[in-house]
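K.L.:
Based on what follows, work out the 3D shape:
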Amino acid sequence: MSRATLCALLAGPLAAAALAQLASAGPRLRGRRVRARRRPLVAVLQRVGRTLGAPAAPRGLAERLAAAGTPLGLRPGDVMAVKAGAALTASLLVAPLAAAASPRHALLLLACAPPAAFHVPDLWLRRRARARAEAIATELPDVLDLLRVGVEAGLPVGRALAEVGRRHAGVLAAELRTTCAAMELGVPREGALTALARRAPAPAIGALVAAILRSERHGAPLSEALRALAAQARADAARRIAERAARAAPKIQLAVALLLVPAAVLVVAAGALSGLR
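P.N.:
Alright, predicted model coming up:
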């Protein structure tokens, strides 16, 4: 396989990844600025996908979209339209490269680029959900402690959730504010908390929701459950840090072996050569 053919095979997936990367820049802004960033790319891909005929959304897409934080306000149908538009765009981008390649490589390029572009939004949603889960896991112990302090001070659970969401910063606090706003608008507490568990992709959030509902139904003390959840969250955070440190050790050894040792050998060799001269 020639170098030009290899570049042609990589062009389609890289172009699709670039489109997804540009689309992911929007959630950093809010309000009108988010919508302004969404129009030039995502809206075009949606229009192209809907014109082409977007397929029906799979069953689990709504949950994955909620776990990713509903980026850019997209709905499952919008995501499927973006995926179809990305596939068509990738096909158009690699068509000139396919025309210059051999028939076999052109067929391979045209067969691989559209499916790769079609699945790039799924990878983007997984990456966002993973990043949100890591951020929530980092914030969770402090949020649980603040919630426990509010409950022990005599605040109702809804008021304690609202105060923690208002006074704390981060992804989890924003989700708590959204949950409290939904309850203020008349959404039943169980439904709002269940939606919180879907939007916050962390196992401890499900345990928190279960503890709150159990406390309301059976009168079980909530403060002890929150204390135990906070201790477990800190233990999980310490375990994750230890695992990352264990994974980093071989990488550090590899960097030392490949970079520092040859550099030291070169310095010694240079000194030896200068002495011989």
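
K.L.:
for the stretch 51-200 of the chain, what spans make up the helices?
P.N.:
Applying DSSP state H, counting those that start in this stretch to the stretch 51-200 of the chain gives helices spanning 61-67, 76-100, 103-152, 157-167, 171-184, 189-199.

K.L.:
A220 and A211: what is the separation?
P.N.:
8 Å (Cβ to Cβ, to the nearest Å). Glycine gets a C-beta too; all of them are placed from N, C-alpha and C.

K.L.:
Pick out whichever of the two has more residues nearby.
P.N.:
Applying other Cβ atoms under 10 Å to A220 and A211 shows that A211 carries more neighbours, namely 20 against 12.

K.L.:
you'd agree the more buried one is up against L229?
P.N.:
Yes: applying Cβ atoms under 8 Å, one finds A211 in contact with L229, separated by 6.8 Å.

K.L.:
Average pLDDT for stretch 198-212, rounded please.
P.N.:
Stretch 198-212 shows a mean pLDDT of 88 in the predicted model.

K.L.:
list the buried ones in that stretch?
P.N.:
Within stretch 198-212, the residues scored as buried using 16 or more other Cβ atoms under 10 Å are 199-202, 204-209, 211-212.

K.L.:
per-domain residue ranges of the protein.
P.N.:
Domain assignment of the chain by automatic domain parsing yields the ranges 3-129, 135-236.

K.L.:
Just give me how far the first one sits from the chain centre.
P.N.:
Which is domain 3-129. 16 Å (Cα atoms, centre = their mean, to the nearest Å).

K.L.:
was I right about L226 contacting G150?
P.N.:
No: using Cβ under 8 Å, L226 is not in contact with G150, being 9.6 Å away.

K.L.:
neighbour-wise, which of the two wins?
P.N.:
Ranked by neighbour count (other Cβ under 10 Å), L226 and G150 place L226 first, with 25 against 21.

K.L.:
Please list all residues in contact with the more buried one.
P.N.:
Contacts for L226 (Cβ atoms under 8 Å, 6 or more residues apart in numbering) come out as 144-145, 147-148, 151, 208, 211.

K.L.:
what's the closest residue to it other than its chain neighbours in contact with, if anything?
P.N.:
Nearest non-adjacent residue to L226, counting by Cβ to Cβ, 6 or more residues apart in numbering: R148, 3.9 Å away. By Cβ under 8 Å, 6+ apart, the contact list for R148 reads 222-223, 226-227, 230.

K.L.:
Tell me where the model's unsure across this protein.
P.N.:
1-39 (pLDDT under 70).

K.L.:
Swap in 50 and give it another go.
P.N.:
Along the chain, segments meeting pLDDT under 50 span 4, 8-9, 15-16, 19-20, 22-38.

K.L.:
ok, now which ones touch R189?
P.N.:
Applying Cβ under 8 Å, 6+ apart, we find R189 in contact with 158, 183, 216.

K.L.:
and if we set it to 10 Å?
P.N.:
Contact analysis of R189 by Cβ atoms under 10 Å, 6 or more residues apart in numbering lists 157-158, 161, 179, 182-183, 212-213, 216.

K.L.:
Redo those residues as TSV? Include distance to A133.
P.N.:
Formatted as TSV, the contacts of R189 follow (distance: Cβ to Cβ, whole Å):
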residue	distance to A133
V157	24
G158	25
L161	20
T179	17
A182	21
M183	24
I212	20
L213	22
E216	26
